[in-house]
Every structure is written in C-alpha cells, then in structure tokens.
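1. Next input, structure requested:
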Amino acid sequence: MNANPASVVRVPEVHLGFSREKRGYIVMDFVQGATLAQRKLLKGRYDKKDTKAVAAAIQQLTNIKLPASTAPGPVSGGLIGHGFFVDCLSVLEYPTAGYLEAQINEVCPPIVISTSY
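-> Modelled structure (predicted):
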C-alpha cells in the first residue's frame with residue numbers, strides 16, 4: 001500500500017513483535033497524526049472530510065483479496081486469540097476462513113427476528 005502514492009492508507013513498518021507475561025508488543029514506525037478524540041468537533045460530530053477519508057480507507061482495505069488458501073489466525077500460524085472463544089483462545093488451527101465460518105454457524109444458532117406484532 002505504501003508503494004502506491006494514490007493509496008489513502010499508510011501502513012507503518014513493523015520491526016519486531018514479542019510478548020512478555022501474556023502481553024503482546026509491536027515495535028513499529030511512528031505515524032504522525034491526530035487521535036479520533038482530537039478530530040472530534042463540537043457536539044460530538046466529525047468534519048465531512050474526515051468521514052470521507054475514513055470511508056475511502058475502509059473501501060480500500062475491504063478491496064484487498066487474500067488467497068483462498070489463507071488460514072485465519074496469527075500471521076505465523078497458530079491458535080486464534082479472541083473473546084469469542086472460551087478462555088479467549090481457539091482450541092484448533094482453522095485451515096480456512098470457510099471452515100471457521102462453518103463451525104461458528106454450527107455452534108451458534110441463527111437469530112430469527114420477527115417483524116410481526
């Protein structure tokens with residue numbers, strides 16, 4: 001993304017990732033900018049330019065297509081850490097996103113919303 005001058009997303013270079021006592025750390029380039037709180041206008045609103053920039057960034061990121069063989073989880077492989085799982089850790093490595101989705105659909109019954117009153 002950084003190589004494309006038309007890109008609206010800038011990705012800091014990651015130099016090192018490590019953990020100490022169950023806490024993860026990432027050493028990466030500093031990206032100058034303002035926080036979301038600093039960008040907020042009066043009455044809790046945001047400038048239209050900011051909302052358009054966020055929409056453009058989200059669009060660009062959602063257009064990234066990963067190979068179908070890409071497994072969900074850590075970049076180097078392994079169990080998925082997320083609050084969705086018991087003890088916040090998956091019990092197995094999922095070979096594909098489709099496999100993970102199928103298991104989630106099997107475990108979590110669909111929610112039916114009735115529109116009749």
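2. From now on I want contacts and neighbour counts done on CA atoms only, so please keep to that.
-> OK.
3. In the protein, which helix is the longest?
-> Secondary structure of the chain per DSSP state H: the longest helix is helix 48-62.
4. can you give me the mean pLDDT across that one?
-> Averaged across helix 48-62, the pLDDT comes to 90.
5. export the following helix or strand past it as CSV, just CAs?
-> Going down the chain from helix 48-62, the next helix or strand is helix 97-107, by DSSP states H and E. C-alpha atoms of helix 97-107 as CSV (Å, rounded to 0.1, in the frame of the first residue of the first chain):
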residue,chain,number,x,y,z
ALA,A,97,-11.9,-18.9,6.8
GLY,A,98,-14.8,-21.1,5.4
TYR,A,99,-14.0,-23.9,7.9
LEU,A,100,-14.1,-21.3,10.8
GLU,A,101,-17.4,-19.9,9.5
ALA,A,102,-19.0,-23.3,9.2
GLN,A,103,-18.0,-24.2,12.8
ILE,A,104,-19.3,-20.9,14.1
ASN,A,105,-22.6,-21.4,12.2
GLU,A,106,-22.9,-24.9,13.7
VAL,A,107,-22.2,-23.7,17.3
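6. what does helix 97-107 contact?
-> Outside of helix 97-107, the residues within contact range by CA atoms under 8 Å, 6 or more residues apart in numbering are Thr70, Ala71, Pro72, Tyr94.
7. Poorly predicted segments of the protein, please.
-> Within the chain, the stretches with pLDDT under 70 are 114-117.
8. Sort out which of the contacts of helix 97-107 are buried, if you could.
-> In terms of neighbour count (16 or more other CA atoms under 10 Å), the buried residues within the contacts of helix 97-107 are Ala71, Pro72, Tyr94.
9. Specify which member of those is nearest to Asp50.
-> Checking the buried ones among the contacts of helix 97-107 against Asp50 with CA to CA, the nearest one is Pro72 at 30.8 Å.
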